[in-house]
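Participant: When you get a sec, could you give me coordinates for this:
(chains A, B and C)
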Amino acid sequence: MLSLWLNVIAGGVLIGLVYGLVALGLTIIFGVMRVVNFAHGEMVVFGIYIGYWTVRIWDVPIVLAAAIAAVVMFVFGYLLETLVVKRFVNRPHHYQFIVFIGLSLLFSGVLLMSFGPDPRPTASQLSFQTVSVGPLTLDWARIQAAATAGLLIAALGAYLKYSAFGRSLRGAANNRLGGLVVGLNIPRVYAVTFGIGTACAGVAGALISPLFDAQPYLAVDFTLLAFVTVIVGGLGSFGGALLGGLTIGVAEAIAALMFTPSMKTALPYALLIIILIFRPRGFFGAKDI
Amino acid sequence: MTALLEVKNLTRAFVGLVAVNDVSFSLQAGRITALIGPNGAGKTTCFNLVAGALRPTAGQVLFEGRSLEREPPEAVCRMGIARTFQIVRPMKDMSVLENAMVGAFSWTTNVKEARDKAYESLDNVGLAGKANARTDQLTLPDRKMLEMAKALSTRPKLLLLDEVMAGLRPTEAAGVVGVLHRLAEGGLTILLVEHVMRIVMEVASTVVVLHHGAKIAEGKPSEVVADPAVLESYLGAGFHA
Amino acid sequence: MQRTSDQASDIKRWGAGALVFAALAVVGGMSNAYVISLLTIVLLLTFMGQSWNLMLGIGGQLSIGHALFVGIGAYAVAILNIKYGVTPWIGLLLGAVIAGFVGAVLAWLSFRFEVRGIYFALLTIAAAEFARIMFGGWDYVGGMQGLFYQAPSGAIDLGMLRGDARFYYFVALALAAIGVAGTELISRSYWGYVWRAMRDDDEAARALGVRTFRHKVLVVSISAATAAIGGGVLGLVQGAIFPDSIMGMAISVDVLIGPVVGGLGTAFGPLVGSMAAIPLHHAMGALGDALGLPGLNSVAYGAVLILVVWFLPDGIWPSIVRLYGAIQLPARGRIPQLRKVEE
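Facilitator: Just a heads-up that it's a prediction; the model follows:
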């Protein structure tokens, strides 16, 4: 019994790291640009398809698929920001939100047109390999995904903290006007930020492609999951995104054990409602929205 | 002469800074009082405390004997205290007339009554001719007047004006002074926060001077300008009015 | 002088509105079954769009989970009617009351802590998705298999709100007319003025004595209640309700697209926008099916939303009004009013 619980919690922690990476992408974009990317889940699904196709066609290891997803999705995010999002950054929040709903519909439609509505199971041998550590039996795909996500989160944290560009990103996040004054190239900062945020989602998607069947309809769930994660941790907070991801991952795993599957899907929303009611700024929330 | 508003030992501390420190003064009904002081003296904080936009750390604000320092801004307004904002804030998707109507809905739910009151308020500040304009068609002095008209529609007993003269040319400011005199003659009590000292001399019957959050002088304008402490505070901060 | 011209424009506006709805009634009398059924949905979404419009366009509060209220209305009518044979009129009333209450609770919880803007929007969608999943797992209401109305006999029964497709067309038309007229009346009432004031500037409105907290709760509650009425009728029209369709994200998008495309905060915008966007969605859906491209309608919706916010942020309807005004004004010599006063 104890080992069952340990296994479930460990599994939740592993997937929680990946959720943390997805949420980090959303929160970086929000923190710097103050836009709320409602099309974030589509970026995850793009990542899942990238993982699916690269593994299927070239049979590359999943880590390499994730690297490919990172590059492709960074470029995609950069271009999306430069061509579209840029025009709406200074518009009222509800207009931005409607534009992102539009983008989300557009991308979901494109996914449906390209791949059809049917799930594509990515049954690589990776999906079935397990590793035993003491009482724990973990599947190898999750360990790889979690380890990669964890490394990326750490690397991104270090990048933001120590590199010149990372510091200017944080400067922009703290004080956009101040950033302008000291001569930051704001348009470029925004485009790179959006690229990084999108890449986070894409990488996370590629990493979980052995675990989730590739399917366009997943996008909305991932978007909302990312929001829940981010709000649990506090919108705009780096550590919060990670903590939120772990919370959701574990809570979901426990719910799956204790309740019916439909309760498991409802759990993030229930959690979001509870958080918004009792602690609307999350654990490490941004002061204002 | 009774005091309409009494400020007693008002204190507001922010992190690492006491913006308003133990300030007391009172406003006489039907008079124009000015709250002045160099930049950073705590005028605007003091103003926001009276308007209910900020909560005091300590002290009291009594309006007609009722304590209002725990009341939210809308309740303060409904008690009879209307305010303007230093940076004008018209409701941008509503016409000038509609802007002026909003305040009237603090005491009536009748649209016709509100419209009549709005016309009256606009007339009081000389904007009646522009009732149907959009707010982005107004010049800066007109926008300042609209702020005042909005406040007047609430039928205030006390009008709080936050730097209404700021950014106006001398001739435009003179127009505002005329409006203020007329309103005061009609029995309205006015508290102005101003940085420009010369204008204050023309309109205010009493001046309260703040410096570093504390009250350093209070009295008739002519007395206050002769006060060495006041002169020093202004000169020290670069007196240029 | 000013008053008379106001009255003249009032008469003109109401006259134009009456004319449009009269024309739609004629259309309903003449069209074939396909057009009737499509327009019925358009008109119902116009009504629900008005309820959403009331909340964002006038009250300034963004909901992306209106499906929650639509679904509550649909289920209230369906449960009472299918399980207990109660007339839909009671169900509509009850659904409106429950949805109004749920909306008020959500708004109260949220605005109490000054949770607003995007947080409130996320709360609405979280609540909608939560309810959708709960209803899907709730056997009493049919779970994912939904609830089915008895097949209509075709005989018109106003007491039980049953009839043929044309009957529902006129029900929807009446609702749309009530929606347009109601928006017009509300936006020029006490509520309309204070709601627009808090929409434009919450803090400034409070300084003018507007009790914005209770007005936000009120506008969300009224919007929710009216959306529920639309949802109740929508369920009847469709003959069956399923949690995924009646409480899904797609309904929330269907509801908001009319006002966004047509013109936020306007009385006619949601009608114009629904008329433009919903048939486009259906046409693209049909085209997509024919071409084997299942996501085409979604792409069309997305593109429309982005392009409208990009190029016509006020929506189609205000642009039409401006164009009409520009043609009309020179004849009356009112050009000087249009000239921008210098800053």
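Participant: Quick one: name the residues of chain B near chain C.
Facilitator: Contact residues, chain B versus chain C (Cβ under 8 Å from any Cβ of the partner chain): B:51, B:53, B:72-74, B:77-78, B:82-83, B:85, B:89, B:91-94, B:98, B:101-103, B:105-107, B:109-111, B:114, B:131-133, B:137-140, B:150-151, B:153-154. In this view, the C-beta of every residue, glycine as well, is placed from N, C-alpha and C.
Participant: could you say what helices and strands the one helix or strand residue A:98 maps to packs with?
Facilitator: Counting by DSSP states H and E, the element that carries residue A:98 is helix A:93-115. Helices and strands touching helix A:93-115, by 3 or more Cβ pairs under 8 Å, 6 or more residues apart in numbering or on different chains; DSSP states H and E, are helix A:40-58, helix A:218-233, helix C:118-136, helix C:249-262, helix C:296-311.
Participant: name the helices or strands packed onto the third one?
Facilitator: The reference is to helix C:118-136. Helices and strands touching helix C:118-136, by 3+ Cβ pairs under 8 Å, 6+ apart, are helix A:93-115, helix A:218-233, helix A:261-278, helix C:67-78, helix C:88-112, helix C:243-246, helix C:249-262.
Participant: CA-only coordinates of it in PDB, if you can.
Facilitator: Extracted C-alpha coordinates of helix C:118-136, given in PDB (Å, rounded to 0.1, in the frame of the first residue of the first chain):
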ATOM      1  CA  ILE C 118      -7.900  38.100 -16.700                       C
ATOM      2  CA  TYR C 119      -8.200  36.300 -13.300                       C
ATOM      3  CA  PHE C 120     -12.000  36.700 -13.400                       C
ATOM      4  CA  ALA C 121     -12.100  35.500 -17.000                       C
ATOM      5  CA  LEU C 122     -10.100  32.400 -16.000                       C
ATOM      6  CA  LEU C 123     -12.400  31.800 -13.100                       C
ATOM      7  CA  THR C 124     -15.300  31.800 -15.400                       C
ATOM      8  CA  ILE C 125     -13.800  29.200 -17.800                       C
ATOM      9  CA  ALA C 126     -12.500  27.100 -14.900                       C
ATOM     10  CA  ALA C 127     -16.000  27.000 -13.400                       C
ATOM     11  CA  ALA C 128     -17.500  26.200 -16.900                       C
ATOM     12  CA  GLU C 129     -15.100  23.300 -17.500                       C
ATOM     13  CA  PHE C 130     -15.500  22.000 -13.900                       C
ATOM     14  CA  ALA C 131     -19.300  22.000 -14.400                       C
ATOM     15  CA  ARG C 132     -19.000  20.300 -17.800                       C
ATOM     16  CA  ILE C 133     -17.000  17.500 -16.300                       C
ATOM     17  CA  MET C 134     -19.200  17.200 -13.300                       C
ATOM     18  CA  PHE C 135     -22.400  17.000 -15.500                       C
ATOM     19  CA  GLY C 136     -20.600  14.400 -17.700                       C
END
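Participant: Give the rounded mean pLDDT of the helix or strand that that helix is followed by.
Facilitator: The first helix or strand that comes after helix C:118-136 along the chain, using DSSP H and E, is strand C:147-148. For strand C:147-148, the mean pLDDT works out to 92.
Participant: Next secondary structure after strand C:147-148?
Facilitator: Using DSSP H and E, the first helix or strand after strand C:147-148 is helix C:165-187.
Participant: all helices for chain B, in order.
Facilitator: B:43-51, B:73-79, B:96-104, B:111-124, B:140-152, B:170-185, B:197-203, B:221-226, B:228-236 (DSSP state H).
Participant: Show the average pLDDT along the second one.
Facilitator: When you say that, I think you mean helix B:73-79. Throughout helix B:73-79, pLDDT has a mean value of 93.
Participant: Could you give me the buried positions within it?
Facilitator: With burial defined by 16 or more other Cβ atoms under 10 Å in any protein chain shown, the residues of helix B:73-79 counted as buried are B:73-74, B:76-79.
Participant: Out of those, the closest to chain A would be?
Facilitator: residue B:73 (18.5 Å; Cβ to the nearest Cβ).
Participant: ok, for residue B:215, nearest residue in space, not its chain neighbours?
Facilitator: residue B:23 (4.9 Å; Cβ to Cβ, 6 or more residues apart in numbering or on different chains).
Participant: Can you get me a residue count around the closest residue to chain B within chain A?
Facilitator: Scanning chain A for the residue nearest chain B gives residue A:92, at 11.0 Å (criterion: Cβ to the nearest Cβ). Residues lying near residue A:92 (other Cβ atoms under 10 Å in any protein chain shown) number 13.
Participant: before we move on, the earlier item: out of the helices and strands packed on helix C:118-136, which is closest to residue B:181?
Facilitator: With Cβ to Cβ as the criterion, residue B:181 lies closest to helix C:88-112 of the helices and strands packed on helix C:118-136, at 41.6 Å.
Participant: For chain B, what is the nearest residue in the stretch 51-200 of chain C?
Facilitator: Going by Cβ to the nearest Cβ, chain B is nearest to residue C:200 of the stretch 51-200 of chain C, at 3.7 Å.
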